[in-house]
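> just the structure for this:
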Amino acid sequence: MFTTRPEILGSFGVVTSTHWLASASGMSLLERGGNAFDACVAAGFVLQVVEPHLVGPAGEVPAIFYSQRSGRLQVLCGQGTTPAAATLERYRAEGLSLIPGNGLLATVIPGAFDAWMLLLRDHGTMRVRDVLEPAIYYAEHGHALMPRISNTIAGLKEFFETHWPTTAELYLPGGGVPQARKLFRNPALARTWRRVLEEAELASGDRDRQIDAARDAFYRGFVAEAIDRFARGTEAMDESGARHRGIITADDLAGWSASYEAPVTYDYHGYTVAKAGPWSQGPVFLQTLALLRDMDLASTGPGSPEFVHRLTEAMKLAFADREAYYGDPAFVDVPLEQLLSDDYNARRRALIGERASHELLPGRIPGFEAQVARVMDTLARLSPITEAGGATSEPTMADMRASAKRGDTTHVDVIDRWGNMISATPSGGWFQSSPVIPELGFGLNTRAQMFWLEEGLPCTLAPGKRPRTTLTPTLALRHGEPCLAFGTPGGDQQEQWQLLFFLRHAHHGLNLQEAIDLPMSHTMHFPTSFYPRDRKPGHLALEASFGAETIEALRRRGHRIEEVPAWSVGRLTAASRDPDGLLHAAATPRLMQAYAVGR
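I've put the predicted structure just below:
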């Protein structure tokens, strides 16, 4: 079939990400002898510079990777936890029923920097200078600003000028909106990274000690001190319509570090799919596979009404269970074994009929009845129902309140010639989320908006707790051998677009680019993870390229159709490795900026 771009083939290394400059920067480290982990870290820092509306230095990053040296598959948790002062009483005292989606109260501890440094130290081969220099270059010398970034700034110009003057100072240079496709610089961020680098190199000549010194500069040094001063000394307007100070402190940062954990896995038609745990939404992907495993998807066309209907209805059930059961397993008991079991999903599968469901139907697991009842009561009161034909709240596509156009996420996949592979989904800390800290050149994240301010829920706000994030990279093995890394931005839609990609690849034999290029869909039937936590029962968004016949067939099945323009849904990238060492990579043409490179 015709594809918008070739599937990249090589044997030396491949890098694919949501911006071509990040992909090229990662590839440059492979060319200099670095491995997949070096390349991924460098690409991750470049994304913070060239996609500031989607990710920033104070954001977070989950990653899943396979190390050829250790022979292990691991999850890297770069998701920060809530500050010590993040109590229900503190937030309720502000008169809030939901945590705002922007401003300072929604901030958790920045997780990405420590995660990148931990990955570099333990699994990479290069120095801090090597991975930071590409990002410093683009921050200092400039990068061509994407039209979407310029348009976002234009839409927020008045808000920045009125409420967030430090953001206006950086993103409205000379008082005007920066031009698309012209060079844009962030000198303050370049100075921040240069100072981190200087402190690291002054501390030691040893590579590992330099990396730990860089971590100290961020979490126990000048970066943490600047974050503390700004949060305590600034009252920032947020989506609640009021000004609030932050509660994060230098002590919060000093006491936190990124970590490793085992992935959650599920075996499906010869693949073992690996995801992060239920502090992410990763198990939704696995449960959807469990619901679909006995359906004959191979006999349905990859863009047929039957294929889309079955997948959509299965996802509605898995996402309902996300709402009822997922949370930080360090704080709550999440019954993953039952949620992924064959018996449980056989019972759930019986709920999938020929008509689209308009109900939110979590499963009932013994011992959790009271919790599920509390969740459903909370959703009935605090998750507003909006029109199915309205604007989607996938972050990069949302029509938001004037004070808070939503940011989104980025993604990067890398495989090197030795067989190391990694899939990472950096996000958070975009310039729409929180005012810029002037001396650092970046603002804070807003991941705490995913908590509820209600007692007794798996995602109830508590100090030191991870939010149940939407960030969800994927790595798959084929007959026990690591073979496929993929992911996408897109908030609650991340699992949905990834499932379309994976099932088309696994069942219909499409190559990576073919599976990415086919029309995409998603549902917003369940509550969004982002403020104001709305939902659209029965909703199904379809790219117009599915064709009128398919769209009408799905409408007849009871789906509340939102027809969206072709090439407007999904942000996927993917890379794979054959048993003989042949490497593949692909990237979406949507948004006209993701790119795969390799040789």
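
> and L30, which of the three is it?
helix (DSSP: H, G, I helix; E, B strand; the rest coil).

> ok, and what's touching stretch 345-363?
Residues from elsewhere that reach stretch 345-363, judged by C-beta atoms under 8 Å, 6 or more residues apart in numbering: 287, 290-291, 293-295, 309-310, 312-314, 316-317, 320-321, 323-325, 339, 344, 372, 375-376, 379, 525-527, 535, 537-538, 540, 554, 557-560. Backbone N, C-alpha and C define where each C-beta goes, glycine included.

> and what of stretch 592-599?
Against stretch 592-599 from outside (C-beta under 8 Å, 6+ apart): 5, 8-20, 23-24, 27, 146, 571, 573, 575, 583, 585-588.

> among those residues, which are located in strands?
Among the contacts of stretch 592-599, DSSP state E puts 8-10, 13-17, 573, 575, 583, 585-587 in strands.

> got a quick ChimeraX command for the buried subset of those?
Command for ChimeraX that selects the buried part of the ones in strands among the contacts of stretch 592-599, burial taken from 16 or more other C-beta atoms under 10 Å:
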select :8,10,13,14,15,16,17,573,575,583,585,586,587
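
> gap between the nearest residue to P335 once chain neighbours are set aside and A324?
Excluding the flanking residues, the one nearest P335 by C-beta to C-beta, 6 or more residues apart in numbering is I365, at 5.2 Å. According to C-beta to C-beta, to the nearest Å, I365 and A324 sit 9 Å apart.

> which residues do those two both contact?
Counting by C-beta under 8 Å, 6+ apart, the residues touching both I365 and A324 are V372.

> looking at those two now, which is surrounded by more residues?
Taking other C-beta atoms under 10 Å, I365 and A324 do not tie; A324 has more neighbours (25 against 16).

> what's the helix or strand for that one?
helix 305-325 (DSSP states H and E).

> show me what that helix is packed against.
helix 282-292, helix 369-382, helix 494-508, strand 539-543, helix 548-556 (3 or more C-beta pairs under 8 Å, 6 or more residues apart in numbering; DSSP states H and E).

> and the residue in the chain sticking out farthest from the centre, what does it touch?
Within the chain, G205 marks the point farthest from the mean C-alpha position, 35.0 Å out by C-alpha atoms, centre = their mean. Contacts for G205 were tallied using C-beta under 8 Å, 6+ apart; there are none.

> quick check: it vs A214, distance?
14 Å.

> next: A242.
For A242 relative to A214 (C-beta to C-beta), the value is 37 Å.

> so between those two, which is more surrounded?
Taking other C-beta under 10 Å, A242 and A214 do not tie; A214 has more neighbours (29 against 15).

> which element is that one on?
Secondary structure assignment for A214, by DSSP H and E: helix 207-219.

> re earlier: distance to I248 and pLDDT for the ones in strands among the contacts of stretch 592-599 - can I get that in JSON lines?
Putting the ones in strands among the contacts of stretch 592-599 into JSON lines (distance: C-beta to C-beta, whole Å; pLDDT from 0 to 100) gives the following:
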{"residue": "I8", "distance to I248": "41", "pLDDT": "98"}
{"residue": "L9", "distance to I248": "46", "pLDDT": "98"}
{"residue": "G10", "distance to I248": "43", "pLDDT": "98"}
{"residue": "G13", "distance to I248": "38", "pLDDT": "98"}
{"residue": "V14", "distance to I248": "38", "pLDDT": "99"}
{"residue": "V15", "distance to I248": "33", "pLDDT": "98"}
{"residue": "T16", "distance to I248": "34", "pLDDT": "98"}
{"residue": "S17", "distance to I248": "29", "pLDDT": "98"}
{"residue": "T573", "distance to I248": "32", "pLDDT": "98"}
{"residue": "A575", "distance to I248": "35", "pLDDT": "99"}
{"residue": "L583", "distance to I248": "41", "pLDDT": "98"}
{"residue": "A585", "distance to I248": "38", "pLDDT": "98"}
{"residue": "A586", "distance to I248": "39", "pLDDT": "98"}
{"residue": "A587", "distance to I248": "35", "pLDDT": "98"}
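
> redo the ones in strands among the contacts of stretch 592-599 as CSV? Include distance to D517.
Output for the ones in strands among the contacts of stretch 592-599, formatted as CSV (distance: C-beta to C-beta, whole Å):
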residue, distance to D517
I8, 14
L9, 16
G10, 20
G13, 23
V14, 18
V15, 20
T16, 14
S17, 18
T573, 13
A575, 16
L583, 19
A585, 14
A586, 9
A587, 10
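
> which members of the ones in strands among the contacts of stretch 592-599 are the farthest-apart pair?
Largest separation among the ones in strands among the contacts of stretch 592-599 by C-beta to C-beta: L9 and S17, giving 17.9 Å.

> who does the nearest residue to P263 once chain neighbours are set aside form a beta bridge with?
Closest residue to P263 apart from its sequence neighbours, by C-beta to C-beta, 6+ apart: A274 at 3.9 Å. Counting by DSSP bridges, A274 forms beta bridges with T265, L475.

> okay, now L183: neighbour count?
By the criterion of other C-beta under 10 Å, L183 has 12 neighbours.

> correction: R590
R590: 22 neighbours (other C-beta under 10 Å).

> ok, and the closest non-adjacent residue to it?
W567 (5.2 Å).

> what's that neighbour sitting at in phi/psi?
Backbone geometry at W567, expressed as degrees, to the nearest 10, gives phi 60, psi 30.

> P519 is in contact with that one, correct?
No - assessed by C-beta atoms under 8 Å, W567 is found out of contact with P519, at 9.1 Å.

> now do the shared contacts for those two.
543, 545.

> one step back: which among the ones in strands among the contacts of stretch 592-599 gets closest to T265?
Among the ones in strands among the contacts of stretch 592-599, and counting by C-beta to C-beta, the member closest to T265 is A575, at 19.3 Å.

> surely that closest one meets D413?
Yes - with contact defined as C-beta under 8 Å, A575 counts as touching D413 (4.2 Å).

> what do these two both touch?
Each of 14-16, 421, 485-486, 585 lies in contact with both A575 and D413 under the rule C-beta under 8 Å, 6+ apart.

> now, the most widely separated pair of these?
V15 and F486 (13.3 Å).

> joint contacts of these two?
413, 575.

> buried ones in stretch 90-106?
Quick answer for stretch 90-106 (16+ other C-beta under 10 Å): 91, 96, 98-106.

> repeat that for stretch 455-463.
457-462.

> next: stretch 234-250.
Buried, per 16+ other C-beta under 10 Å, within stretch 234-250: 234, 236-240, 244, 246-250.

> end-to-end on it?
Stretch 234-250 has an end-to-end distance of 15 Å (C-alpha to C-alpha, to the nearest Å).

> ok, residues contacting that stretch?
Residues contacting stretch 234-250 (C-beta under 8 Å, 6+ apart): 83-86, 90, 94-96, 100-109, 159, 163-164, 220, 224-225, 227-228, 230-233, 401, 403-404, 434-435, 444, 531-532.

> pLDDT of that stretch, averaged?
Stretch 234-250 carries an average pLDDT of 97.
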